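Chemist: A predicted structure for the sequence below; I have some questions about it.
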Amino acid sequence: QGRPVMINFWATWCPPCREEMPSMEMLYRKYKDKGLEILAVNVEQNGRAVVQKFLQRTPYSFPILLDSDAEVQGLYNAYRFPETFIIDRNGNVVENILGAIDWTAGPAFELIKSLING
């Protein structure tokens, strides 16, 4: 709580997931010092091995978490990928986005900017 958060559920085998990650990185670099947190939650059972290999090829600076047992995935009922939840400073889910998008423009970008600016 206290800062806007994007929780993104993804997998290395998911082409749309991989496609949207560069724009997530740009968004994170632009707004991390203003309070935005991005948590990319990998949902693969063998996540540790495949994510490590993936990040060696394409490193990202936002946190990438492993949910090999699908605990967090189950809490959010996220079973289609990528799926992103945008959470406001009070911990409320204000948007649920299914599918890959460009995080540097459009309605989701405007929502995140408004959450950051108060």
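Modeler: Received the coordinates, thanks. Keep in mind that what you see is a predicted model, and the values were worked out from it rather than measured. Numbering: from 1, shown residues only.
Chemist: hmm, who's touching the top helix by length along the chain?
Modeler: Under DSSP state H, the helix in the chain containing the largest number of residues is helix 15-31. Applying Cβ atoms under 8 Å, 6 or more residues apart in numbering, the contact partners of helix 15-31 are 6, 8, 10-12, 36, 38, 40, 58, 60-62, 81-82, 99-104, 109, 112-113, 116. (Each C-beta comes from the backbone N, C-alpha and C, glycine too.)
Chemist: I'd like to know which of the residues you listed are part of strands.
Modeler: Within the contacts of helix 15-31, residues falling in strands by DSSP state E are M6, N8, W10, I38, A40.
Chemist: Can you lay out the residues you listed as CSV showing distance to I86?
Modeler: Formatted as CSV, the ones in strands among the contacts of helix 15-31 follow (distance: Cβ to Cβ, whole Å):
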residue, distance to I86
M6, 6
N8, 10
W10, 15
I38, 10
A40, 14
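Chemist: for the protein, what spans make up the helices?
Modeler: Remark: helices assigned in the chain by DSSP H are 15-31, 47-57, 71-76, 106-116.
Chemist: chain center to the shortest one, what's the gap?
Modeler: Between the mean C-alpha location of helix 71-76 and the chain-wide mean there is a distance of 14 Å, by Cα atoms, centre = their mean, to the nearest Å.
Chemist: Go through it and flag the buried ones.
Modeler: Of all the residues in helix 71-76, those buried under the rule 16 or more other Cβ atoms under 10 Å are V72, Q73, Y76.
Chemist: before we move on, what about stretch 93-112?
Modeler: Those would be I97, A100, I101, W103, A108, F109, L111, I112, for stretch 93-112 by 16+ other Cβ under 10 Å.
Chemist: how long is it end to end?
Modeler: 12 Å (Cα to Cα, to the nearest Å).
Chemist: can you check stretch 96-112 too?
Modeler: With Cα to Cα applied, stretch 96-112 spans 12 Å between its terminal residues.
Chemist: what's the answer for stretch 75-85, then?
Modeler: Using Cα to Cα, the end-to-end distance of stretch 75-85 comes out at 12 Å.
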